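Enquirer: Below is the structure, and that's it, no one-letter string:
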C-alpha cells in the first residue's frame, strides 16, 4: 500500500493556497490527514478538499504536531515564525514565501531543474518566486548544453501575483474606466492604476534602483542553476492580466546554439512546451496558460545583435507553475527520493 | 510678417491624422491654406481645423498642386503612390509610414536628434516608427557622451498603434470579459485577444523570427543615430493600453556612465523629461504621457550585470510624440533652417 501523509496548507484561503489544494486533489497526492491553516484574519472560514468541508484553523506552533508536510503560502512573516516550529515537530515545510529562499541552509527548488539539491535538507524547502520558477525551466537545458553568460529580462506579470485583492482592484478600475475613460480610479493594493496601464514596479525598491522582485530573479536564478557567475539583469512590470506571467528573455550563451537546437532541447524538457510557429499564430499568451502545468515557450530566435544569443518568450500560470504546482512537485520528488 | 504655408494632411480621418491637426493648431503652425485628404474609404467626411469645418477630399496626384507641406499618415500604399507625385508638385512630404524610412535618399528624422540630416532632402522626409522615435530621444545624449555598444529592448505598446479599430476591439473584448470571464471574444484587427492579455506580435513575422516592428526598431535606430555598428535586438509586445508606448531598454555603453550622469544628461535634452524618484512613486506609466509632448524616462539605474550598462524605462504618447508631433517638429525645423 502507498504511504499517505498528513498534509497542512498554511494560507488555505489565499489564491496560492487554494491552488495548492486543487493541485493536491488533481494529482491524487497521497493525503492522509488534511489540515487547512491560516492567520487570524481568515481562520474560521470554510474550505473544501476532496469533497469534504474543513474549518480553517488558526496556525500556531502546536498546529504542526503530527503533520508531515506543510505547504506554506501565507506571507513572509508567518513563514518566518512558524516554519522552524513546524520543522521541530518533524513537519517538512515547503515554503512559498521569499523568507528562506536565499538562506544557504535551505534548498531553493524547481524539481525538474535542481531536485537533487533536496538531499540533506533540514526540514525547510523554499519554493522560488513565480517569475523565476517558470524561467529556469527552459533555461536549464540551454545552460547544460552551451552555458549561459548573461540574461537580460523584461517581464509582463499578472495581477494575481499580488493577491486576489489586486485582481479585484484591476476589475473594479476597468469597470469604472469603461463607463468614464477619464475617471480617477481607486488605487489601494497595487502601486498605481493598472487598468489600461502598465506599471514598472513589483515589490519595493532597493538602494541600487532595482526592485526586490528584480533582485529575486537575479539571485534565485543563480541559486537554482547553481552558478553564481551568470550575469543577470531584470525589469519587472505589472500588466493588466489576471493570471499568467510572460517574460521576454535575452540569453547570451557561452557557445553558439541555433534556434532549432533550442526548440529541440527545451521541447524534450519535462513540463516545458514549445509553442513556436509564429507565422500561423503559434506563440503563447497569458490566456493560453491558465490552469496549465506546462511552461509555454515561443518567439525562439537567434539574437541578431550578438554571435551567441537567443531571444525567447516564456509564459506560465503564476499561481500554478510558479507556486502551487512547484510546491507539490517538490513534495512528490521528496517522496520518490525517500526524503520524507 | 511670418510666411504661412499651404498644408495638407493625408489620412485626415485617422488617429494620427487627427492628432497632426491638433498639434498644428496647438503650436500655431503658420498654416495658410489647409487641405484634409484621405483615401476613397473616408473621403467626403467632415473634419474641423482651427474652428472651421472642412470636407475631406479624395487624395490624387493633382491634389498636391499648390501645396507646400504634406503630412502623410494613410498607410504605406497611398504614401508609395502619392508622395513622389506630391514632391513633383513641390509639396514637401513628411511621411509617417514605413515605406520610405530605409530609403538612402530619404532622411529619417527625429528633429532633436538628427535634424541636421534634413539638409539636401529631395522632397520626401520620413517620420520614424513610433517606438523608435521615443527611444532615440533619451539615447542620443548617452550616445554622444559615452557611445552605445548594444541595446536589448522589450516594448509594451498601446493598441492605438494599430489604429482606432484596435482600440475599439480592446474595449469591446474588455466589456464582454467583464460580463463573462470565460467568453470567447471576437478578434479581428489585432492578431489575438488583447483584453486582459499581452500579445508578443506587432506587425508580421520575417524569416529570422523577428517581426517587422522589431526590425524597424533595429534599422531605424541605427539610421537616426547614424551608426550602423550599434548592435540591437528587440521584442515588441502589444498590451491592453489605449495610448502610450512603454519600453524597457537595456543599454550597453562603450564607456562607464553612472545613473546620475544619465539623469543629468537626458534631463537637459529637449522634449525629454526625467521622472525618476521611484521610492516616492516617481516613474512614468502610459496614462501619464497621454497628450504630452515630453518623452518620460524613469527606472534609470546602473545595470548590475555588466560594467558599462544602463537600464531605463521610456514612455511616450505614441500618436503624438511617436507620430504627429514629430512630423510637425520636422516641418518647423525645416522652416527654421530655410529648407521649405
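Expert: Received it, and whenever you're ready, just let me know what you need. Just so you know, these numbers come straight off a predicted model, no measurement behind them.

Enquirer: Show me the strands in the stretch 51-200 of chain A, by range?
Expert: A:52-55, A:57-58, A:69-72, A:92-95, A:124-126, A:148-156 (DSSP state E, counting those that start in this stretch).

Enquirer: same for the fourth one, what does it pack against?
Expert: Using 3 or more CB pairs under 8 Å, 6 or more residues apart in numbering or on different chains; DSSP states H and E as the contact test, the elements touching strand A:92-95 are strand A:69-72, helix A:76-88, strand A:124-126, helix A:325-336. For every residue, glycine as well, the C-beta is placed using N, CA and C.

Enquirer: Contacts made by that strand with the rest, please.
Expert: Residues outside strand A:92-95 that contact it (CB atoms under 8 Å, 6 or more residues apart in numbering or on different chains) are A:68-73, A:79, A:83, A:86-87, A:121, A:123-127, A:327, A:330-331, A:334, A:340.

Enquirer: and what of stretch A:205-214?
Expert: By CB under 8 Å, 6+ apart, stretch A:205-214 touches A:98, A:129, A:131, A:201-204, A:215, A:218, A:233-236, B:259, B:278-279, B:299-302, B:304, B:311.

Enquirer: The closest residue to residue A:31 other than its chain neighbours: what secondary structure?
Expert: Leaving aside its sequence neighbours, residue A:31 sits nearest to residue A:7 (CB to CB, 6 or more residues apart in numbering or on different chains; 5.0 Å). Three-state assignment for residue A:7 (DSSP: H, G, I helix; E, B strand; the rest coil): strand.

Enquirer: where does the stretch 201-340 of chain A dip in pLDDT?
Expert: Counting by pLDDT under 70, the stretch 201-340 of chain A shows no low-confidence range.

Enquirer: who in it is up against chain B?
Expert: A:201, A:205, A:208-210, A:218, A:231-233, A:235, A:237, A:239-242, A:246, A:248, A:250, A:259, A:278-279, A:281, A:283, A:285-287, A:298-306, A:309, A:311, A:313 (CB under 8 Å from any CB of the partner chain).

Enquirer: Name only those of the residues you listed that count as buried.
Expert: Listed as buried from these are A:201, A:205, A:209-210, A:218, A:231-233, A:235, A:237, A:239-242, A:246, A:248, A:250, A:259, A:278, A:283, A:285-287, A:298-306, A:309, A:311, A:313; burial here means 16 or more other CB atoms under 10 Å in any protein chain shown.

Enquirer: Next step: these restricted to strands.
Expert: A:231-233, A:235, A:246, A:248, A:250, A:298-302, A:309, A:311, A:313 (DSSP state E).

Enquirer: Show me which pair in these is furthest apart.
Expert: The distance between the two most remote of those (CB to CB) is 24.7 Å, for A:231 and A:298.

Enquirer: ok, the residue in the stretch 1-150 of chain A that chain B sits nearest to - contacts?
Expert: The minimum distance from the stretch 1-150 of chain A to chain B, using CB to the nearest CB, falls at residue A:150 (5.7 Å). Counting by CB under 8 Å, 6+ apart, residue A:150 touches A:230, A:231, A:232, A:233, A:251, A:252, B:305, B:306.

Enquirer: can you count the residues close to the fifth one?
Expert: Same thing as residue A:251. Residues within reach of residue A:251, counting by other CB atoms under 10 Å in any protein chain shown, total 24.

Enquirer: Quick check: chain neighbours aside, which residue is closest to it?
Expert: Excluding its sequence neighbours, the residue lying closest to residue A:251 (CB to CB, 6+ apart) is residue A:310, at 4.6 Å.

Enquirer: Quick check, that neighbour in contact with residue A:263.
Expert: No - Residue A:310 is beyond contact range of residue A:263, at 10.2 Å (criterion: CB atoms under 8 Å).

Enquirer: These two: which has the busier surroundings?
Expert: residue A:310 (25 against 16).

Enquirer: thinking again about what came up before, can you redo the strands of the stretch 51-200 of chain A as JSON lines with mean pLDDT and distance to residue B:26?
Expert: Below are the strands of the stretch 51-200 of chain A laid out as JSON lines (pLDDT from 0 to 100; distance: least, CB to CB, whole Å):
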{"stretch": "strand A:52-55", "mean pLDDT": "98", "distance to residue B:26": "63"}
{"stretch": "strand A:57-58", "mean pLDDT": "98", "distance to residue B:26": "62"}
{"stretch": "strand A:69-72", "mean pLDDT": "98", "distance to residue B:26": "57"}
{"stretch": "strand A:92-95", "mean pLDDT": "98", "distance to residue B:26": "56"}
{"stretch": "strand A:124-126", "mean pLDDT": "98", "distance to residue B:26": "55"}
{"stretch": "strand A:148-156", "mean pLDDT": "99", "distance to residue B:26": "34"}
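
Enquirer: which one of the ones you listed has the most crowded surroundings?
Expert: Of the strands of the stretch 51-200 of chain A, the one with the most neighbours on average (mean count of other CB atoms under 10 Å in any protein chain shown) is strand A:69-72, at a mean of 29.
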